[in-house]
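Peer 1: give me a 3D structure for the following:
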Amino acid sequence: MAEPLKAVYNPAYLMRLAQAISEQYPAFAAERFIEQVFDDQWEVRELKARTQHIRHCLHQTLALPYTDAIEILNASAPGFGGYEAMFFPDYVEAYGLEHWDVSMNALQWLTRFSSSEFAVRPFILRDQERMMVQMRAWSEDDNYHVRRLASEGCRPRLPWAQSLPLFKRDPSAIFPILDNLCRDEQDYVRRSVANNLNDIAKDHPARTLDWVQRNWQRHPHTQWIIKHGCRTLLKQAHPQAMTLFGYHPADEIEVTELKLSVPEVQIGAELGFRFQVRAGKSTLGRLRIEYAIDYLKANGRHSRKVFKISEGDFDDVAKGFERQQSFRQMTTRKHYPGEHRLTVLINGEEKAAVSFEVLA
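Peer 2: Sure, this is the predicted structure:
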């Protein structure tokens, strides 16, 4: 079994961090820092709690004014990267709200090594107008990590991040950033732009599609962003989105021979299924082929999740598909025993369905 992400914060990592800071600030009490980190609560802390605890211990051990401490941390940060180094921007989030200019420079610098996407959000909540001016400037930065921060940091529904209800209500301030980044050469940036657009689509489908129409066929990179950014609208079979991408009513298409590998599946196992898609006339044409699972929840109700199988232009008269669906427990989806339902969707239309039991 793979080690949990939180295990990256081992003694060797923390010793290396203490040494890097000591090189910048010889008075740093490295041994005391290590002792504070590995306290009697360390083992029960999860990843985010460990990140915040390390940040807190840095603050306690440095015992310096914020402007002095962040200068030391900025100089130490290049030796650390990835999600595990998020305690650097987290330091800015926790202690830098009253030092705007110093914190902006720090976030712009630190995002190059890990990411400041979470740390910028309290600044947006503190002063949206001022922060979005900064984000627009970052969207034109030479460094692609900084450009990505401009988009990722203001996503209305960024997972595991502090909520931005103001942007859920009105995303107007985000669109100028998307305009600046929709032709970016870096895939890392474009993925963030598409995810931001998809976030907006969940609350404002009409405004999302207005932006899509304005930017349609603008650039190959923009076209990819539009497709990925409209994925929720396509899963919802939003009529305007479906028409935009050439998916028309599948009146002449039928699904036959939908069969499950087993009538019951145990939690932790996989359910196999297969089916045939057939054209009533001519060939299948342009299709978006999906399946939905209506999952039974703890409250006795069902919640639907849609999964894409394939999409594109099919020259066949009939085509078979076969898939496996995992029912192992995940942090993002918990399974409960009881009746579930699998439905095959063609261009958003339900074509065939079958019920099955999930067993404890």
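
Peer 1: so who does residue 345 touch?
Peer 2: 237, 288, 289, 290, 291, 292, 306, 351 (C-beta atoms under 8 Å, 6 or more residues apart in numbering). For the C-beta atoms, the positions are set from N, CA and C on the backbone; glycine is no exception.

Peer 1: which pLDDT does the model give the second one?
Peer 2: Think residue 288. Listed pLDDT for residue 288 reads 96.

Peer 1: now do the SS call for residue 278.
Peer 2: Secondary structure state of residue 278, per DSSP: H, G, I helix; E, B strand; the rest coil, is strand.

Peer 1: residues near the nearest residue to it once chain neighbours are set aside, how many?
Peer 2: Excluding its sequence neighbours, the residue lying closest to residue 278 (C-beta to C-beta, 6 or more residues apart in numbering) is residue 318, at 4.4 Å. By the criterion of other C-beta atoms under 10 Å, residue 318 has 13 neighbours.

Peer 1: pLDDT at residue 318, what is it?
Peer 2: pLDDT, read off for residue 318, is 95.

Peer 1: try residue 1
Peer 2: 54.

Peer 1: and the helices in the stretch 201-350 of the chain?
Peer 2: Counting by DSSP state H, counting those that start in this stretch, one finds helices in the stretch 201-350 of the chain at the ranges 205-215, 220-229, 231-235, 239-244.

Peer 1: rewinding a little: ok, so of the contacts of residue 345, who is nearest residue 32?
Peer 2: Proximity of these to residue 32 (C-beta to C-beta) peaks at residue 306, which lies at 52.7 Å.

Peer 1: need the contact list for residue 138.
Peer 2: Contacts of residue 138 by C-beta under 8 Å, 6+ apart are 108, 146, 147, 149, 150.

Peer 1: show the contacting residues for the residue nearest to it when sequence neighbours are not counted.
Peer 2: Leaving aside its chain neighbours, residue 138 sits nearest to residue 150 (4.1 Å; criterion: C-beta to C-beta, 6+ apart). Neighbouring residues of residue 150 by C-beta under 8 Å, 6+ apart: 135, 136, 138, 139, 141, 177, 180, 181.

Peer 1: what's the local residue count around the first one?
Peer 2: Read it as residue 135. 23.

Peer 1: residue 134 and residue 101 touch, don't they?
Peer 2: No. The pair residue 134 / residue 101 is not scored as a contact, 10.0 Å apart, by C-beta atoms under 8 Å.

Peer 1: those two - which one has more neighbours?
Peer 2: residue 134 (20 against 8).

Peer 1: what about residue 291, distance to residue 269?
Peer 2: For residue 291, the distance to residue 269 equals 18 Å [C-beta to C-beta, to the nearest Å].

Peer 1: between those two, which one's more packed in?
Peer 2: residue 291 (22 against 14).

Peer 1: quick check: the more buried one touching residue 322?
Peer 2: No. Between residue 291 and residue 322 there is no contact under C-beta under 8 Å: 11.3 Å.

Peer 1: what touches both of these two?
Peer 2: residue 273.

Peer 1: next SSE downstream of the helix or strand harbouring residue 123?
Peer 2: Assigning secondary structure by DSSP states H and E places residue 123 in helix 121-126. Using DSSP H and E, the helix or strand that follows helix 121-126 towards the C-terminus is helix 128-138.

Peer 1: would you mark the buried spots in that next one?
Peer 2: Buried positions in helix 128-138, judged by neighbour count with 16 or more other C-beta atoms under 10 Å: 128, 131, 132, 134, 135, 136, 138.

Peer 1: could you do stretch 280-290 as well?
Peer 2: Within stretch 280-290, the residues scored as buried using 16+ other C-beta under 10 Å are 284, 285, 287, 288, 289, 290.

Peer 1: hmm, who's touching the helix or strand residue 31 falls within?
Peer 2: Remark: residue 31 resides in helix 30-37, with elements defined by DSSP H and E. For helix 30-37, contacts defined as C-beta under 8 Å, 6+ apart pick out 9, 11, 14-15, 18-19, 21-22, 53-54, 57-58, 60-61.

Peer 1: any weak-confidence spans in the chain?
Peer 2: Counting by pLDDT under 70, the chain contains low-confidence residues at 1-2.

Peer 1: fine, thanks again, bye for now.
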